[in-house]
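1. Need coordinates for the following:
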Amino acid sequence: MKFIRQLLLFLIFPLCSNAQNGVYFIPSERQADSVRILLKHTINDTLKMSVFFELSGYYTELNKDTSLYYAELQLQLAKKLRQPLWAANACFQVAYLAFGLGNYPKALKAIEEGLAITDNEKSEKDNWRITTFSGDGSAYKARLFIAAALHQIFAFLYQSTDNIPKALEHFNTAIQLAEKVDNKAELSLDYMSLSGVYSEMGKPDSALSIQNQARRYAIESNYKIYMGFILREIGDIYFSKEQYDSAGTYYRQSLQESIEQYNVRDEISANLSLSKWARKTGHADSSLLYTRQALRRNQSFKVASIQSRVYNEFFVVFKALNNQDSAFVYLQLAKSLGDSLNNIERTKINQYQSLNLNNQIQLQEAEKSQIRYQNKIRMYGLIAGIVALLTIAILLFRNLRHRKKANELLQSKNEQIEKQKTNIEQTLTDLKATQSQLIQSEKMASLGELTAGIAHEIQNPLNFVNNFSDVNKELLIEMNDEIDKGNLSEVRSIAKDVIDNEEKINHHGKRADAIVKGMLQHSRASSGQKEPTDINALADEYLRLAYHGLRAKDKSFNAELKTEFDNNVGKISIIPQDIGRVVLNLINNAFYAVDEKQKQSLNGYEPTVTVGTNKANGKVEIKVSDNGNGIPQKVLDKIFQPFFTTKPTGQGTGLGLSLSYDIVKAHGGELKVETKEGEGSEFVILLPVN
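-> As a prediction, this is how the structure comes out:
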């Protein structure tokens, strides 16, 4: 049996190793099936890392959540195996997927981590199977290729936050790096994305020229997975210029290329574009056929956001055909699905907020408490020693004064002093023993408190996992009975219930995994270096990033943003990533507070979040205030405690403010809060100038 298994691995693995090179590699379904088999049989971490790379690539456009799961597993193993370029590649994949899911802070963190690797030439050393990222096995080309890909995602972030100059800067950096290593696949994708920026700027001719460059590079590199997207973008440009014949030609080519590349997402988009084109050119019946084809393909793809677009297109088509009844039905379906998507995306944002800022460890706070307690015991011991020494000195002085008067008494006094000295030494010994016992007790109490907190947080999702597992066992027993009876309809119904329960098990398992990952990140000290940082620019950047990240997930969210920056603040020496994450956490909490108050539909209420800075008394203040519901006085003393949260279950781990407090303390600063129930809250970060 062992020989057969080894032979199976030997036959399967070449499918992985001979795959197309590049961070954008997307395996075929057959290759994905092969590596799944390999994953079941291998215990080798290096092979697992390669398998996770391939599975993440396979699910990139099919299921971003699943793809992100495998990318994070690849990143963990790459770090464990000390494979820097494999880790940088995983950072790119995490950044791309997190951006696609609207989790901008997670994307930014992954980009920064990946660029920190690719900016270091030493990362070219000791990498396994570098041909995965460079066809000729050049580690230099692989490093620059991955760096270009990371800059492309950085450009996406700036484009999404309406910072077009920065977006163009990073697109140009990506193009320059790709040209250095002559990577035409990367150049195709860079130009494909850059064209969209010029379309947004209202420059269709420039956008068309750039998109044609993307098409040329895709053909030269034979990397055509996104050729359907490129052709559809060209068609859209001609459509906007009212050149409908050319637009239709490119839309049809887009559909054909997407089908050939098995890119279902772009195939559906091409059908919807053809439907729009047919309506515009007076072929409403053809428009209906294209829309039905899009709906049919999405039934296997099962992406809710695309389903919503299809329903909206049905509404417009039936309206053009004067079929008011059908138009009304699809309008209601689109509205219902749109509301559901908004709720799902809002939930995702709330779940991700706290996790994106975990850079310190909870055990670090316990160690600090122990050190403070130990210092206090030492101080008491020192005071006791000083008092004892003073007592001895007084006794000696008195003895010297009376030496001439009573020599007989001197001997007695000396014996008394010696006895007292012995007692003091014994007292000091007892104090040290007591000190050791108290330190041990404090350690055990801190460990108990930490264990209780973790157990409390993990118990809830584990209960769900256990309960649904028991239900699935009963359902499977029932399914076997129905199979014996030949009742296939009931078997399908039970199978659907089992699948639904498995999804719930997976969901709650990920909740528990998120808590554990949060604790692991909590135990990882920051390795950043302090550098002079413009506080005003940092606060303004993270305010825009947080706002646009939330807007990307919840289009209904709106709030007035105010900045009150002191121009005299200048630059101070901090770790910008750490302080930036503290500011981002406070801003996200402020957005959450005003959003919750806005849901109460109060007359005349306008959600407002204000970020300001000030320099006074040798310190710099960063203030984040909101006009939400405020923090109840009864829980105000607990908000900086680990695991304490005022958010509903599943929407927060209770680690964000605790870690923010630790980061500020590590910088020698303070984190304060002022609040009034029903009126709002203000968090103040105080940092020393030097």
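2. and residue 483, how far is that from residue 489?
-> As judged by C-beta to C-beta, to the nearest Å, residue 483 and residue 489 stand 12 Å apart. C-beta here means a position set from N, CA and C on the backbone, and glycine is covered the same way.
3. Tell me which of these two has more neighbours.
-> Neighbour count, other C-beta atoms under 10 Å: between residue 483 and residue 489, residue 483 has more, with 13 against 8.
4. what helix or strand is the more buried one on?
-> Assigned by DSSP states H and E, residue 483 falls within helix 407-485.
5. Now do the helix or strand that comes right after that helix, average pLDDT.
-> Scanning forward in sequence from helix 407-485 by DSSP H and E, the next helix or strand is helix 488-522. Averaged over helix 488-522, pLDDT sits at 76.
6. gap between helix 488-522 and the chain center?
-> The chain centre lies 20 Å from the centre of helix 488-522; the measure is C-alpha atoms, centre = their mean, to the nearest Å.
7. Run a quick neighbour tally on residue 282.
-> 9.
8. give the contact list for it.
-> By C-beta atoms under 8 Å, 6 or more residues apart in numbering, the contact set of residue 282 is empty.
9. Name the SS class of it, please.
-> coil (DSSP: H, G, I helix; E, B strand; the rest coil).
10. Just say helix, strand or coil for residue 640.
-> Applying three-state DSSP: residue 640 is coil.
11. surely it meets residue 657?
-> Yes. Between residue 640 and residue 657 there is a contact at 5.4 Å, judged by C-beta atoms under 8 Å.
12. So for those two, which residue has more residues nearby?
-> Between residue 640 and residue 657, residue 657 has the larger neighbour count (other C-beta under 10 Å), namely 25 against 16.
13. Who are the contact partners of the more buried one?
-> With contact taken as C-beta under 8 Å, 6+ apart, residue 657 is in contact with 585, 589, 639-640.
14. any idea which helix or strand carries it?
-> Assigned by DSSP H and E, residue 657 belongs to helix 656-666.
15. quick one, what contacts residue 660?
-> Applying C-beta under 8 Å, 6+ apart, one finds that residue 660 lies in contact with 357, 581-582, 585-586, 671.
16. Pick out the one among these with the largest number of neighbours.
-> Going by other C-beta under 10 Å, residue 586 tops the contacts of residue 660 with 30 neighbours.
17. Help me confirm that residue 223 comes into contact with residue 183.
-> No. Counting by C-beta under 8 Å, residue 183 is not a contact partner of residue 223; they are 9.6 Å apart.
18. Look at those two and report which has more neighbours.
-> residue 183 (27 against 24).
19. Mind telling me what element the closest residue to that one other than its chain neighbours is part of?
-> Spatial nearest neighbour of residue 183, chain neighbours left out: residue 145 (5.2 Å); criterion: C-beta to C-beta, 6 or more residues apart in numbering. Using DSSP H and E, residue 145 sits within helix 139-160.
20. Report the buried residues of the following helix or strand past that helix.
-> Using DSSP H and E, the helix or strand that follows helix 139-160 in sequence is helix 164-180. By 16 or more other C-beta atoms under 10 Å, the buried positions in helix 164-180 come out as 166-168, 170-171, 173-175, 177-178.
21. Likewise for stretch 282-290?
-> Across stretch 282-290, burial judged by 16+ other C-beta under 10 Å covers 283-284, 286-288, 290.
22. Give me the average confidence score over it.
-> On average, stretch 282-290 scores 80.
23. chain center to that stretch: distance?
-> Per C-alpha atoms, centre = their mean, the centroid offset for stretch 282-290 relative to its chain is 42 Å.
24. How about stretch 418-432?
-> 58 Å.
25. just stretch 38-53 next, same as before
-> 24 Å.
26. And stretch 255-268, by the same measure?
-> 30 Å.
27. Stretch 586-606 now?
-> Counting by C-alpha atoms, centre = their mean, stretch 586-606 comes out at 24 Å from the chain centroid.
28. Now it: buried residues?
-> Neighbour counts over stretch 586-606 (16+ other C-beta under 10 Å) mark 586-595, 597-598 as buried.
29. List the contacts of stretch 244-256.
-> With C-beta under 8 Å, 6+ apart, stretch 244-256 has contacts from 228-232, 234-236, 238-239, 266-267, 269-271, 273-274, 277, 280-281.
30. same thing with stretch 191-199?
-> By C-beta under 8 Å, 6+ apart, the surrounding residues in contact with stretch 191-199 are 152, 155-156, 159, 164, 167-168, 171, 175, 204, 206-208, 210-211, 213-214, 217-218, 226, 229-230, 233, 236-237.
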